[in-house]
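Visitor: Show me how the following folds:
(one chain, ligands or ions: 1)
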Amino acid sequence: MKFNPLASWRKKETTQLVSLDPQNPTYIQQAIQDGWKHPKKPKPRVQAIFEIVLPDNVLNPYLRYRALVELSRVPRHANEQLLFHGTNRSCLLGDGKQRTRPCSTSQCLLCAVIRKSFDVARSGKRHKFRRFGRGIYTTACSSKADDYYAGVHNSPFRAVLVNRVVVGTPLTRQHNAKDLTELPNGYHSLVGVPGADLNYDEIVVYSNDAIRPAYLVVYAADPPPDVHIDLRDMFSALFKTPMAASLAGKTLKQVH
Ligand SMILES: [Zn+2]
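Guide: The predicted model follows:
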């Protein structure tokens, strides 16, 4: 997944959400559509994209860690990748361009991450099963991140985070390793590869400094079917006379 450098990150005391054109940046659109792998889930319609502008004191430890890993990794892939994470949202953050202030209710994990980033100590609070142990889980599969989203009933929208993740030199695994708490020396992330125990990829990091939220994507996950108006039904309903209905029917037949 390619993306722009940290051009628009600005010095702020608290996290700011900046509304972007939902068609841009195109790499986010592309990533969410290409990463939507579950065949039975309807494709998402992106409603809004927000850039998450973190305050310096939250961002800087990440930048330092990223630079350190850059020096020590085996450079086969990009050091940093943009990856999805789904969690629960108990407010309406992102539903409309004006709703850009993260809430501070303790149940709203989405807003907690947006304000202070991820905390590995909270790993497994919602989902007890941790395939690769106590870490922070992300994926390139947007429809998998969507599985982990839980929202409020009065919103038609869903939301996932797009995160900057320092993948560094990844350890790849096909089988579960539930007791893992750290990686062997020389590795910076764990990449779970589909095939044996997984259906879709997972990328896990075990350090808070290895990840920061970068974008919030808000979308409708259940597109209504195309609106199909039957003109004959419409004429019948309008005039309620057999003649009008049959005339309408004839006209339509001639047209077709
Ligand atoms: Zn919230």
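Visitor: for the residue positioned nearest the centre of the chain, what are its contacts?
Guide: For the chain, the residue nearest the mean C-alpha position is V160 (2.9 Å; CA atoms, centre = their mean). Neighbour list for V160: 32, 84-86, 142, 145-146, 149, 216-217, 219 [criterion: CB atoms under 8 Å, 6 or more residues apart in numbering]. For every residue, glycine as well, the C-beta is placed using N, CA and C.
Visitor: Kindly report the same for E70.
Guide: N79.
Visitor: ok, now how distant is it from V166?
Guide: Separation of E70 from V166 (CB to CB, to the nearest Å): 9 Å.
Visitor: which stretches of the stretch 151-256 of the chain have low pLDDT?
Guide: 222-256 (pLDDT under 70).
Visitor: can you pull out the strands in it?
Guide: Using DSSP state E, counting those that start in this stretch, the strands of the stretch 151-256 of the chain run over 158-166, 170-173, 189-192, 202-205, 211-220.
Visitor: May I have the fourth one as PDB, with CA atoms only?
Guide: Taking C-alpha atoms only, strand 202-205 is exported to PDB below (Å, rounded to 0.1, in the frame of the first residue of the first chain):
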ATOM      1  CA  GLU A 202      -2.800 -10.500  10.100                       C
ATOM      2  CA  ILE A 203       0.100  -8.300  11.000                       C
ATOM      3  CA  VAL A 204       0.900  -8.100  14.700                       C
ATOM      4  CA  VAL A 205       3.200  -5.700  16.500                       C
END
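Visitor: Show me what that strand pairs with in its sheet, parallel or antiparallel.
Guide: Its sheet considered, strand 202-205 pairs with strand 136-138 (antiparallel), strand 189-192 (antiparallel) by DSSP bridges.
Visitor: Burial-wise, tell me which of these comes out on top.
Guide: strand 136-138 (a mean of 26; mean count of other CB atoms under 10 Å).
Visitor: The ion contacts on the protein?
Guide: 91, 93, 103, 108, 111 (CB under 5 Å from the ion).
Visitor: 8 Å instead?
Guide: By the rule CB under 8 Å from the ion, the part of the chain lying against the ion is 89-93, 102-105, 108, 110-112, 114.
Visitor: What residues does the residue of the stretch 151-256 of the chain found nearest the ion make contact with?
Guide: Nearest to the ion, among the residues of the stretch 151-256 of the chain, is V152, at 9.3 Å (CB to the ion). By CB under 8 Å, 6+ apart, the contact list for V152 reads 89-92.
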